[in-house]
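>>> need a 3D model of the sequence below.
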Amino acid sequence: MFDYYLKNGKVYINHTFVEMTVGVYNGKIRLFPADKKLPEGAGIIDVSGKKVVPGFIDIHSHGAAGVDVNGAAAEGLETICKAVARCGTTSWLASVLTDTEEQTKRFIDEFKKHKNMEHKGADLLGIHLEGPFLCSMYKGAMPEHLLQMPNMPLLREYQRRAGGDIKYITISPEVKGIVDDIPEMIKLGMAVAIGHSGADYDTSWRAIHNGVSACTHTFNAMKLMHQHFPAIMGAVLESDIYCEAICDGRHLHPGVVRLLIKTKGLDKVIAVTDSIMAAGLPDGQYRLGVNHVIVKDGDARLEDGTRAGSTLTQNVALKNLLAFTGRPLEEVLPLLTENPAKLVDVYDKKGSLEDGKDADIVVLDEKNDIFEVFVQGRKIQR
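This next block holds a predicted model:
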């Protein structure tokens, strides 16, 4: 017998909403016709008037709920998992801000400990390294003294220590020699993004041709396009790589969000939070890696005024996208589900509601607010 059935809701299948019944068994999905006669005694969750959609996937997050990824212990990572799950994020990558070798290895060890814990929140899919192979001119909140030249032996050691769980890395193409290392990073199992960069157009295209598949927080902390010098931004927009977008209304003007979607297409934009430990908490003083961060009116900045991540959550990002674009829910959902799953190569398990995939499910009410969340079939306590 199935664990339970979600019945009477509109289910997001193949980019449209249809009336179906969603069965959950051993943490996996099975789809049935809406009129399927269910066995006597079956557990039924009535979601009448609600929309059943895939769980959200955040591939760029530095923390939430008072926990900074760089300094987190395994228990702290679970605190983040529980907090983001309540906001509809059923899977995420822990983004490590450029840090010392010692601190990065310490985090990797804590990540491994977390893998062996009992989990009651979102699924922590792996690690995102934002650096350390970044240029200083567009460092943003990156600590300049910790930026490095290419160091493949170190990266291989990180990946060995992580057991292959570093899924994603951000590099600057202009860092001398880094473009030639991109194929090796991919062989190590990492999707490679470019960002924090003032690279010229040709160098950026060399990186893309060598296997880059995404751009980190597009438009932010990078050289923008000029009609005579298209730079990294021109290559990113012209190419078919994925583009992260922080849809908090601060990092990108709504018109820029609309332009990005119109230029790249709905299948190539990924809504990330780039959240810090202040996500879900009031204004105050926080940390981002080695940085001291001040949050005022929900806006996170370093003491010199440089923006330092966000306080965004994915449920808010979804509602912002709907408001910014005027597009229907079925068009914008892939930015939080299917697209990130494809970039980090988990679409065989996550990112859509299909038979046999993980039962990572969000139920939205008539206002597109979170009603219920399930992670691998587990109901999240909200």
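
>>> pretty sure Val11 contacts Ile29?
No - Val11 is beyond contact range of Ile29, at 10.0 Å (criterion: Cβ atoms under 8 Å). To be clear about C-beta, it is placed using only N, CA and C from the backbone, and glycine gets the same treatment.

>>> need the overlap of contacts for those two.
22, 353 (Cβ atoms under 8 Å, 6 or more residues apart in numbering).

>>> which strands and helices lie in contact with the helix or strand where Ala235 lies?
For Ala235, the element it lies in under DSSP states H and E is helix 231-238. With contacts taken as 3 or more Cβ pairs under 8 Å, 6 or more residues apart in numbering; DSSP states H and E, helix 231-238 sits against helix 201-209.

>>> how far away from the center of its chain is the helix it packs on?
24 Å (Cα atoms, centre = their mean, to the nearest Å).

>>> what's the answer for stretch 198-212, then?
Offset of stretch 198-212 from its chain centre (Cα atoms, centre = their mean): 23 Å.

>>> give me the buried positions along it.
Neighbour-count burial for stretch 198-212, counted by 16 or more other Cβ atoms under 10 Å, picks out 198-201, 203-208, 210-212.

>>> so which of the residues you listed comes closest to Leu318?
Val212 (27.0 Å; Cβ to Cβ).

>>> tell me which stretches of the stretch 151-300 of the chain form strands.
166-171, 191-194, 214-215, 242-246, 269-272, 284-288, 291-296, 299-302 (DSSP state E, counting those that start in this stretch).

>>> can you list the ones you listed in CSV and add mean neighbour count, mean pLDDT and distance to Gly140?
Shown next, in CSV, are the strands of the stretch 151-300 of the chain (neighbours: other Cβ atoms under 10 Å; pLDDT from 0 to 100; distance: least, Cβ to Cβ, whole Å):
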stretch, mean neighbour count, mean pLDDT, distance to Gly140
strand 166-171, 26, 98, 11
strand 191-194, 26, 98, 14
strand 214-215, 27, 98, 14
strand 242-246, 26, 98, 12
strand 269-272, 27, 98, 14
strand 284-288, 17, 95, 10
strand 291-296, 17, 94, 10
strand 299-302, 19, 94, 9
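
>>> which residues of the protein score low on pLDDT?
Counting by pLDDT under 70, the chain has low-confidence residues at 1-2.

>>> what about the residue located most distally from the centre of it, which SS state?
Ranked by distance from the centre of the chain (Cα atoms, centre = their mean), the top residue is Glu40, with 40.2 Å. Using DSSP: H, G, I helix; E, B strand; the rest coil, the structure places Glu40 in coil.

>>> and if you look at the one 5 residues further on?
Local secondary structure at Ile45 is given as strand here, using three-state DSSP.

>>> helix or strand for the residue nearest to it when sequence neighbours are not counted, which one?
Closest residue to Ile45 apart from its sequence neighbours, by Cβ to Cβ, 6 or more residues apart in numbering: Leu6 at 5.2 Å. Secondary structure from DSSP H and E places Leu6 in strand 4-7.

>>> what residues does that strand touch?
Residues contacting strand 4-7 (Cβ under 8 Å, 6+ apart): 21-24, 32, 34, 38, 42-47, 52, 361, 363.

>>> what of stretch 97-107?
Contacts for stretch 97-107 (Cβ under 8 Å, 6+ apart): 62, 69-72, 94, 96, 127, 129-132, 134, 141-143, 146-147, 154, 158, 161, 288-291.

>>> drop anything exposed from those residues.
62, 69-72, 94, 96, 127, 129-132, 134, 141-143, 146-147, 158, 288-291.

>>> surely Asp46 touches Asn8?
Yes - judged on Cβ under 8 Å, Asp46 makes contact with Asn8 at a distance of 5.6 Å.

>>> now do the shared contacts for those two.
By Cβ under 8 Å, 6+ apart, no residue touches both Asp46 and Asn8.

>>> between these two, who's got more neighbours?
A count of neighbours by other Cβ atoms under 10 Å puts Asn8 above the other of Asp46 and Asn8, at 16 against 11.

>>> show me what contacts that one?
Under the criterion of Cβ under 8 Å, 6+ apart, the neighbours of Asn8 are 34, 46-48.

>>> please apply the same query to Asn368.
51, 318-319, 322, 329.

>>> what does Ala300 give?
So Ala300 contacts 276, 278, 286, 288, 293-294, 307-311 (Cβ under 8 Å, 6+ apart).

>>> again, only using 6 Å
By Cβ atoms under 6 Å, 6 or more residues apart in numbering, Ala300 lies in contact with 276, 278, 293, 308-309, 311.

>>> so which residues make contact with stretch 342-350?
59, 91, 167-168, 191, 214, 242, 341, 357-358, 360.

>>> could you redo the last one with a cut-off of 7 Å?
Applying Cβ atoms under 7 Å, 6 or more residues apart in numbering, the external contacts of stretch 342-350 come out as 57, 59, 91, 93, 125, 167-168, 191, 213-214, 242, 270, 338, 341, 351, 357-358, 360.
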